[in-house]
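>>> I need the structure of the sequence given here:
(one chain, ligands or ions: 1)
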Amino acid sequence: MNAPQIETLLHENRRFAPSPEFAAQAVATPELYERAAEDRLGFWAEQARALHWHTKFEQVLDWTNAPFARWFADGRINVAYNCLDRHVLAGHGDRVALHWEGEPGDSRSITYAELTAEVKRAANLLTALGIRQGDRVAIYLPMIPEAVIAMLAVARIGAVHSVVFGGFSSDSLRSRIEDAQAKLVITADGGYRKGSVFPLKPAVDTALARGGESVKRVLVVKRGGNEIDWTEGRDLWWHEELAQVDADHEAKGFEAENPLFILYTSGTTGKPKGILHTSGGYLTQASFTHRAVFDLHPETDVFWCTADIGWVTGHSYVVYGPLANGATQVMYEGTPDTPHPGRWWEIIEKYKVSILYTAPTAIRSFMKIGREHPQRFDLSSLRVLGSVGEPINPEAWIWYRDIIGGGKTPVVDTWWQTETGAIMISALPGITEAKPGSAQTPIPGIAIDVLDDNGKHVGNGNGGLLVATEPWPAMLRGIWGDPERFIETYWEKFDFEGTPQRRMYFAGDGARLDEDGDIWLLGRVDDVMNVSGHRLSTAEIESALVSHPIVAEAAVVGASDETTGQAVVAFVILRAKQSEAQTNDEAAALLRAHVAEQIGAIARPKKVYIVTELPKTRSGKIMRRLLQDVAEGREVGDTTTLADTSVMSVITATVH
Ligand code: 6R9
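Numbers count the residues shown, from 1 in each chain. Modelled structure (predicted):
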């Protein structure tokens, strides 16, 4: 984030105290902080005991092999049982688990009893297809109930899911399948987006034609009704196969550290990292935070997290947190503006949604199109609003509370990452006096600090790097197949005390502590961009660009953008012959499409500038900071370390 933005943030001094009525009924109490402060591990053990354990645990944290943590390791648990059977056995089988809304307007409400029955069948099907504990299953589905059913069925038999966002390309899918050596892919013919069917199965076909040899079977859910190719002996219809398996399935307990899922996320190199999460600790923190941060009253609330299951927010706050808590929630297949710009607000009115969890980029795009759209609907059921994915600017925070929350709802800004598995920093509604723009306080049981480069606490009023100083239950257990990269990426930066147990987790985010010690997130400090709350790596997009035959060299930066937070801006040098063969506009259009095809539409650069040189230091390192100045229309900063200081004026002239 640049200096002027930080300035406006720090002059934000509006405060919102919880109302006494809200505080009186709140799930979170000040005692949670006290209890966690006096006995952090005891606190987490109590939260874990709120789950059902097939075998109770004695051990809480084993950190002897740091940074590879083990939580509740001698306990046995079944994650899916906790999300399903447990609620049915407690007499809540008739409670709606999912109010699913398809984009074309079709809908389905599924109770806990029904969801349990579907997952049992799906678990039997996976077993019949040869999937065993520890096997990896890739899931490439739209936002339909089968996505949740598939994830829970994999979890139920102790296998490991790797959900790949439906917007990712066949190539991204293939590399994720290969990295995890998935045996099975669960996909759909297609799903609905922006008013029409977008095909998914063809991307699976392409991925498997080019590689992914580990895959033996492809299960296909019928959703889009679009024509698809069929590979006999490999492809199977989900509904046909389910009809042939047993309805009954008994969930058995697995070790608390049994892997639950791998989720790929962008890092600073071109190769996405497979973040590994396990069972007991993950479910403990996902369910605790879902209750305490959103003030969940499962008998009366209707929760809606708008994230796709392809992202970690969808894993923890569409699937595992809400279902472990027996919540009733809304799941929506499509885009916010289809068929009309008030679609989300219509859904909130229809299902009387009481808790909404979404991203600042969505809020800002609603601000742009105008308050008249939400104001056409009755949003009075809303009582808690949450934000995640990127810093929320105070103006968006206030708009969210005023226009969506009727000027009365608490707003919680929740900071966390794919790696942290669950919320780490957030206000707690009913307790915290809210400050728009600040994520504020570590949740009970989480130890966070802001340090300078030498590992010293920066003190109130100063900025530095965000770290977690103690292990936490939902922490990543590693990077799939790459323990070295796990240690290097997260645990080496703050490793001053000489013992592995005292290493601290480096999150990759900059942060500032205000005079009260509240935390303000300032964006990534590495080469990771945040576009609409999605993580993208500059290196990954650069390597997609240079994979095109017309490109000689490419540099990518994230430029601040009013709606999406950051936007992808690329500076590209063409191969000599190419620059004659086509206009710069043609080349730019071609390359934008190429990146979308290589990685997915979310990575498509907003701008591609064709330049003749890139700013490099004498050692040949591209100075992206200077390109960012150009992309954001600022005066170019210090160029003295450039090998050729005239380069920047040439680039600036090309761009303007
Ligand atoms: C959950 C999720 C993680 C990165 C993280 C940070 C940014 C997320 C934020 C936030 C400021 C918040 N981020 N929440 N920044 N305030 N409330 O988004 O996971 O996709 O892994 O992204 O997103 O930069 O490091 P993930």
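
>>> which of the three states applies to the residue lying closest to Val458 once chain neighbours are set aside?
In space, and not counting its chain neighbours, Val458 is closest to Gly464: 4.1 Å by Cβ to Cβ, 6 or more residues apart in numbering. To be clear about C-beta, it is placed using only N, CA and C from the backbone, and glycine gets the same treatment. When classified by DSSP: H, G, I helix; E, B strand; the rest coil, Gly464 comes out as strand.

>>> what sits closest to the residue of the stretch 101-250 of the chain found nearest the ligand if chain neighbours are left out?
Nearest residue of the stretch 101-250 of the chain to the ligand (Cβ to the nearest ligand atom) works out as Phe165 at 10.7 Å. Excluding the flanking residues, the one nearest Phe165 by Cβ to Cβ, 6+ apart is Gly310, at 2.7 Å.

>>> burial measure for the one you found, as a count.
24 (other Cβ atoms under 10 Å).

>>> confirm it sits in a strand?
No. Applying three-state DSSP, one finds Gly310 to be coil, outside a strand.

>>> what residues are up against it?
By Cβ atoms under 8 Å, 6 or more residues apart in numbering, the contact list for Gly310 reads 163-168.

>>> repeat for Phe16
So Phe16 contacts 401, 410-411, 433-436 (Cβ under 8 Å, 6+ apart).

>>> which bits of the stretch 401-550 of the chain sit near the ligand?
413-418, 439, 507-509, 521, 524, 530, 533, 535 (Cβ under 6 Å from any ligand atom).

>>> just to revisit the earlier point, out of the contacts of Gly310, which are buried?
163-168 (16 or more other Cβ atoms under 10 Å).

>>> for those, please prepare TSV with the additional fields pLDDT and secondary structure.
Shown next, in TSV, are the buried ones among the contacts of Gly310 (pLDDT from 0 to 100; DSSP: H, G, I helix; E, B strand; the rest coil):
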residue	pLDDT	secondary structure
Val163	98	strand
Val164	97	coil
Phe165	96	coil
Gly166	95	coil
Gly167	93	coil
Phe168	94	strand
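
>>> reformat those as CSV; add distance to Ile446.
Shown next, in CSV, are the buried ones among the contacts of Gly310 (distance: Cβ to Cβ, whole Å):
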residue, distance to Ile446
Val163, 25
Val164, 29
Phe165, 27
Gly166, 32
Gly167, 31
Phe168, 31
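
>>> among these, which two are most distant?
For these, the maximum inter-member distance is 12.1 Å, found between Val163 and Gly167 (Cβ to Cβ).

>>> distance from the chain centre to stretch 364-376, please.
25 Å (Cα atoms, centre = their mean, to the nearest Å).

>>> so, in contact with the ligand or not, it?
No. With Cβ under 6 Å from any ligand atom as the criterion, the ligand is not reached by stretch 364-376; the gap is at least 13.8 Å.

>>> show me what counts as buried in that stretch.
364-367, 373-374.

>>> what comes into contact with that stretch?
336-337, 341-342, 344-345, 393, 395-396, 399, 403-404, 562-563.

>>> if you set the cut-off to 10 Å instead, what comes out?
Residues outside stretch 364-376 that contact it (Cβ atoms under 10 Å, 6 or more residues apart in numbering): 336-337, 340-346, 348-349, 358-359, 392-393, 395-396, 399-400, 402-404, 532, 561-565.

>>> then it to CSV, C-alphas only?
This file holds the C-alpha atoms of stretch 364-376, laid out as CSV (Å, rounded to 0.1, in the frame of the first residue of the first chain):
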residue,chain,number,x,y,z
ARG,A,364,-16.6,-1.4,-3.4
SER,A,365,-18.3,-2.6,-6.6
PHE,A,366,-21.7,-2.3,-5.0
MET,A,367,-20.8,1.2,-3.8
LYS,A,368,-20.0,2.1,-7.3
ILE,A,369,-23.3,1.0,-8.8
GLY,A,370,-25.3,2.8,-6.1
ARG,A,371,-27.2,2.3,-2.9
GLU,A,372,-30.5,2.2,-4.8
HIS,A,373,-30.0,-1.5,-5.6
PRO,A,374,-29.7,-2.8,-2.0
GLN,A,375,-32.3,-0.3,-0.9
ARG,A,376,-35.0,-2.0,-3.0
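
>>> next one: phi and psi at Asp644?
phi -130, psi 110 (degrees, to the nearest 10).
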